[in-house]
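In: Have a look at this prediction, sequence included:
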Amino acid sequence: MASTEVLRADTSARVSWKNDPRVRGIIFQVLVVVILAAAVYWIWGNTVDNLRRANISSGFGFLDRRSGFDVSQSLIQYTADSSFRSALIVGLLNTILVAICGIITATIIGFLVGVGRLSGNWLIAKICTVYVEVFRNIPPLLVIFFWYLGVLSVLPGPRDSLELPFSSYLNNRGFFLPKAIWEESAWLIPAALVVGIIVAFIVNRWAYRRQMQTGQPFPRLATSLGLIIGLPLLVTLLLGIPVSFEFPQKGTFNLSGGFQVKPEFLSLYLALSFYTASFIAEIVRAGILGVNRGQTEASYALGLRSGLTLRLVVIPQAMRIIIPPLTSQYLNLTKNSSLAVFVGYPDLVQIGQTTMNQTGQAIEVVAIWMVIYLGLSLSTAAFMNWFNAKMALVER
């Protein structure tokens, strides 16, 4: 036995370092790091030399200079005298706005269409199938052009605006809505909304634990709606409805007053929503089909109707399948919002291009784009990963 161990030790000692997998692994890793460092150094040096020859100063000092251009849509105070930093912030907020609105709308449409594809009604199932196959196989840029050039641009002019309920108008210059003018005490209404959301969250958690322990259901949906809608409404009534409305007025050549949703935003928002919803619909359909058929049959055996079975049994289990690919669609929608430049919507990319043309700081602007889109994507992925962990099956 001792002689065998000695023989193994001698054999190990005679093995060349070239044949040692651990040594080779370390050497290859060091080589990769050196090659990457050399490539980055070469690119950096080449870039600096090119900028020097073109007499372009590098750095982010240009962000504090006057921008000198206007923006058609801004969620914050902005004029041509504002800085490039403010202009890029306006673009970032516009990107976040269209991304959030698109994600919410695409999720609602996608869930309805995905469930509709599994409907027992032949007509509904076929309509949903045609919707998915059409939008899923068209490039998103063409969908944007369809809404912008094929739908919104052919609407009547301001003089012949389509009159809609609630004193709103629709024409080829956008969607005109009544504008709310809030009084000073109106801040209590959003505060009541926040309180209602927090209390509804606490009540839902308590009701869930109570149902798991006792089996007794609690009207969580009605209670949540009562808190989220009823509490702000009650505060509004107690404050004497501290809001007035400015209604759009039809003029000879244009509409005045009210709040205008521009066609650039509408076309981008509708295109991204309908395009992404077609992919979400397939994800939802696959998630529902991934739930064991026995779950549905057991629910029917307990006397649950098809609607309750879908809402209380199938969908909660399907969410564990739906959420991971759903995250990718949210990320795609956010990144596809950069196509706004083709219809003139002032998003981050469109304003960044204008900044680039005026300052010549192409590398800095591209770096800002990369950092912001990376941050948006990582934030979205982190939230969806947290939500996925909350929905995961926990073994007792």
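Out: Thanks, I have the structure now.

In: Confidence-wise, which helix or strand of the protein is lowest on average?
Out: Lowest on mean pLDDT, DSSP states H and E among the helices and strands of the chain sits helix 2-14, with a mean of 53.

In: Now do the buried residues in the helix or strand N46 falls within.
Out: Per DSSP states H and E: N46 is located in helix 21-53. Of all the residues in helix 21-53, those buried under the rule 16 or more other Cβ atoms under 10 Å are L51. Every C-beta, even on glycine, is put in place using the N, C-alpha and C of the backbone.

In: which ones are touching the nearest residue in space to D81 that is not next to it in sequence?
Out: Of all residues not flanking D81 in the chain, R66 sits nearest, at 6.0 Å (Cβ to Cβ, 6 or more residues apart in numbering). Contact partners of R66, counting by Cβ atoms under 8 Å, 6 or more residues apart in numbering, are 80-83.

In: among those residues, which are in helices?
Out: Among those, no member falls in helices (criterion: DSSP state H).

In: Now distance to F176 too, for those residues, in CSV please.
Out: Shown next, in CSV, are the contacts of R66 (distance: Cβ to Cβ, whole Å):
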residue, distance to F176
A80, 25
D81, 28
S82, 26
S83, 31
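
In: Packing partners of the strand or helix carrying F201?
Out: Per DSSP H and E, F201 falls inside helix 188-214. When contacts are defined as 3 or more Cβ pairs under 8 Å, 6 or more residues apart in numbering; DSSP states H and E, helix 188-214 sits against helix 220-225, helix 231-238.

In: So which of those is the most surrounded?
Out: helix 231-238 (a mean of 15; mean count of other Cβ atoms under 10 Å).

In: any idea how far that helix is from the chain center?
Out: Relative to its parent chain, helix 231-238 has a centroid offset of 31 Å by Cα atoms, centre = their mean, to the nearest Å.

In: so for that helix, what's the average pLDDT?
Out: The predicted model gives helix 231-238 an average pLDDT of 86.

In: who touches that helix?
Out: Under Cβ under 8 Å, 6+ apart, the answer for helix 231-238 is 188-190, 192-193, 195-196, 199, 242-243.

In: And for stretch 98-114?
Out: Against stretch 98-114 from outside (Cβ under 8 Å, 6+ apart): 128, 131-132, 265, 268-269, 272-285, 287-288, 326, 329-330, 333-334, 337, 340, 345, 347, 376.

In: which regions of the stretch 251-396 of the chain lie under the pLDDT threshold?
Out: 393-396 (pLDDT under 70).
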